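With the sequence up front, the predicted model follows.
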Amino acid sequence: MPTRRLLYLCAHRATAFCWRDGTLLEEAGFATTPAGQQQFAAYLEQHRESRFALLANVAEEGFQIERIPFLRGADRRAVIRRRIGQLFFNSKLSTSRSLGHEKARRRNERILLAALTDPSFIEPWVKRIGAAGIALSGIYSLPLLGAVLLEKIAWAQARCLLLTVQDQSIRQSYFEKGELHFSRLTPLQHSDHDAIARAFAAEAGKLQQYVAALHPDDTGQAISACILAHADTLPAIEATCIDSATLTFRIIEIEDCARRIGLKTPPPATHCESLFAHLLAAAPPRTQFADDGLRHDFHLQRIRSALHAFAATALVVSLLFAGKLAGDSHGIAQQAESLASKARHARLRYEAIAATFPSHPGGSAALLHAIDRYSELERKNRSPEGLLLAISRALPPTAALELESIAWQASAAPGDERELATVHGTLQPGANARLALAAFRQLNDALKANPQLQTKVLHHPFAGEAGQSLSGGSTRPEDEAPKTFSLQISRKAGS
Amino acid sequence: MKFAAADLRKIQSGLFAAVLACAVGAAALAAALERKNEAQTARAAAGEEHREFESKLERMHDDEGTIRQSFALSGALQRRGVIGEEQRLDWIELLRDIRNKHRIDLQYELAPQRELESDAGATFAFYASTMKLQLQLLHEEDLIRVLDDLRNEASALVLVRECTISRVRASDGEQSDRRAGPRANLQADCRIDWVTIRERASR
């Protein structure tokens, strides 16, 4: 950050201050002569990286309140520029300050126009600053700091005067609702307490009359005058500045004022240069007289500072995020190491158990797969014993019925675990047909009664069903031949 | 404010600092991000490996008994001869022993060996030799006993595919010669697969 410095310029002297750690330190003084300006240039060479502000306390200053239409942007700036040109003969050091919009329908804007009407007094100093390539943050005037001062000492009045002594002059400013309307500078002939007190009383009276003339409707109301004075001068001022019906005085000790604005070293006398210099350094007002051309180096310095600040911020933020990511990485790496350790431990336990299993050159997994398949084949292996036993139990105890053959097979279809048996039998010739049929039916019924079996008659011994043809006679030899039958029996595996 | 080319020199230190800070910051962020990604990848891999071995261990604990039983069974099958080359000579001797034991007449025909299931990727292959077995029986119980003996004694897995039991009718000549001894009442014609297991590479 560049060091902030301040040049206080009055009619007889220029004083350079340095602002450091909230304290204003007087560094050098220069005469307002060409020789003094040369010394100032030499002083500037030692402080090329500083940022300067210029505070002027000069009599060649103009203030005017104007009313302009409700405008915005370039139109408003153009109107203001034209009014300044008309009022202050195109002074280069001019400024404006909005005092608000009227509440009437047209909403005209009230503007305070101000200018340093004798720029030639200030320009040499400004040029020296520009020639050294030093940033000039602004050109300020002491009256404009008066509003800041009133705010700091909490002196809120509808209309008031502010009288201060600095250099060899008295500055008298008029404020309405905290906004500067007018200011003038009067030389101070003598600096003793009585002379200062008399000057306060006289100038306050003059200014009150001037304001009363400007506001004839307010003649019945008293104006308050705020005077800043050292404790040593107070008795004289209190004896001289007597309240009247139109003018009241409020005297503020300069030490109290210094304390309120944060000035650690109060002025030793009634002179308020250091008060205003401190105000400018601590809380510079927005209104100032230098244009963008004069402040070019200041803008460049701000851009450079902003770039440095951005660089620092970007670097810090990046490093913070990188640090956080690094912390996350460390935590994740620890988790990974823990998991890897657990995985190693699990692998060792697995290998230790696997080592107790018998091994096979072809691979244990392949061998186990083959064993599983063998077990499945063995489980599905069938024997005719079950079905033979079931058929045997179903046979009726009669010689009229004989079995000729039983063809048993295990189903070859994949997934089909049934057994099939095809039984061929005969009913003996000469037997009572009804008895033989009863034997066949008994066999069939016994098989069907077995819940584990499904029985189907493939060939019935007697064509006695309604859907079949029937023939016979007394001399036909086939009536004596054995009657054949065939049954198909199936059984599901496991039943 | 109007910006001139000469002004660039006055702010070049700021520009340089900003660019350098951005570059350094970006590099630091990139490096830290890369490292975090690597750590996350390593953690994922370690976690996957851990889950894999924990899962294997869990399966191993669940299947340990079964695995040991399977290994024991494989040893028994190897000793019995089910795993290994076909021992046709043993089969023939077994049939002879069964014939003598049960005093039955039997005839057999053994077909060439074939692969039972086609699974080119498996280390172990199942092979089957189909046998047609014809038995002359007094009683169907004889068939059951023969098949049980084959299952229990054979150096193969004996799978009975089909059996047809038929009554044998005596001829006039046979009836007059009953004094020659018991005659078969039944004939059984069976188709049996003799299954063995062998490593493919060993053939």
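Everything's here; your move.

Chain neighbours aside, what residue packs nearest to B:D189?
Spatial nearest neighbour of B:D189, excluding adjacent residues (CB to CB, 6 or more residues apart in numbering or on different chains): B:T164 at 4.9 Å. Just so you know, the C-beta spots here come from the backbone N, C-alpha and C atoms, and that holds for glycine as well.

Doesn't the one you found belong to a strand?
Yes - B:T164: assigned to a strand according to DSSP: H, G, I helix; E, B strand; the rest coil.

Who is it paired with across the strands?
As for beta bridges, B:T164 partners with A:A407, B:D189 under DSSP bridges.

do the same with A:L228
A:I252.

For A:T475, give me the pLDDT.
Per-residue pLDDT puts A:T475 at 51.

what does A:P266 give?
83.

same thing with the one 10 residues further on?
Looking at A:F276, its pLDDT is 92.

so where does it fall, helix or strand?
helix A:273-282 (DSSP states H and E).

C-alpha coordinates for that helix, PDB please?
Listed next in PDB are the C-alpha coordinates belonging to helix A:273-282 (Å, rounded to 0.1, in the frame of the first residue of the first chain):
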ATOM      1  CA  GLU A 273      -5.200  23.000  10.400                       C
ATOM      2  CA  SER A 274      -4.300  19.600  11.900                       C
ATOM      3  CA  LEU A 275      -8.000  19.000  12.600                       C
ATOM      4  CA  PHE A 276      -9.000  19.400   9.000                       C
ATOM      5  CA  ALA A 277      -5.900  17.600   7.800                       C
ATOM      6  CA  HIS A 278      -6.800  14.700  10.000                       C
ATOM      7  CA  LEU A 279     -10.400  14.700   8.800                       C
ATOM      8  CA  LEU A 280      -9.200  14.600   5.200                       C
ATOM      9  CA  ALA A 281      -6.800  11.700   5.900                       C
ATOM     10  CA  ALA A 282      -9.200   9.700   7.900                       C
END
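
mind checking how far that helix is from the chain centre?
In terms of CA atoms, centre = their mean, to the nearest Å, the centre of helix A:273-282 is found 38 Å from the chain centre.

could you point out which element follows that helix?
Going down the chain from helix A:273-282, the next helix or strand is helix A:296-355, by DSSP H and E.

so what's the residue nearest the centre of chain A closest to, chain neighbours aside?
Most central in chain A under CA atoms, centre = their mean is A:V317, positioned 13.4 Å from the mean C-alpha point. Among residues not flanking A:V317 along the chain, B:G25 sits closest, at 7.1 Å (CB to CB, 6+ apart).

For the helix or strand encompassing B:R79, which helices and strands make contact with it?
B:R79 belongs to helix B:7-80 when assigned by DSSP H and E. Helices and strands in packing contact with helix B:7-80 are listed as helix A:296-355, helix A:364-380; criterion 3 or more CB pairs under 8 Å, 6 or more residues apart in numbering or on different chains; DSSP states H and E.

So for A:R72, which of the ones you listed sits nearest?
Nearest to A:R72, of all the helices and strands packed on helix B:7-80, is helix A:296-355, at 23.7 Å by CB to CB.

average pLDDT across the closest one?
Helix A:296-355 shows an average pLDDT of 92 in the prediction.

give me the low-pLDDT residue ranges for the stretch 351-495 of chain A?
Applying pLDDT under 70 to the stretch 351-495 of chain A flags residues A:359-363, A:429-431, A:463-481, A:493-495.

and it, which of its residues are near chain B?
A:353-354, A:357-358, A:360, A:362-364, A:366-375, A:377-378, A:381-385, A:388, A:392, A:402-410, A:412 (CB under 8 Å from any CB of the partner chain).

rerun at 7 Å
By CB under 7 Å from any CB of the partner chain, the residues of the stretch 351-495 of chain A that approach chain B are A:353, A:357-358, A:362-363, A:366-371, A:373-374, A:377-378, A:381-385, A:388, A:404-410.

Please pick the buried ones from these.
A:366-371, A:373-374, A:377, A:381-385, A:388, A:404-410 (16 or more other CB atoms under 10 Å in any protein chain shown).

related to what we said a few turns ago, contacts only, for the residue nearest to B:D189.
Contacts for B:T164 (CB atoms under 7 Å, 6 or more residues apart in numbering or on different chains) come out as A:S405, A:A407, B:D189.

And for A:L7?
With contacts defined as CB under 7 Å, 6+ apart, A:L7 is in contact with A:A14, A:A16, A:F52, A:L54, A:W125.

Recalculate using a threshold of 10 Å.
Residues near A:L7 by CB atoms under 10 Å, 6 or more residues apart in numbering or on different chains: A:14-17, A:28, A:30, A:40, A:43-44, A:52-56, A:122, A:125-126, A:128-129, A:136, A:139, A:277.
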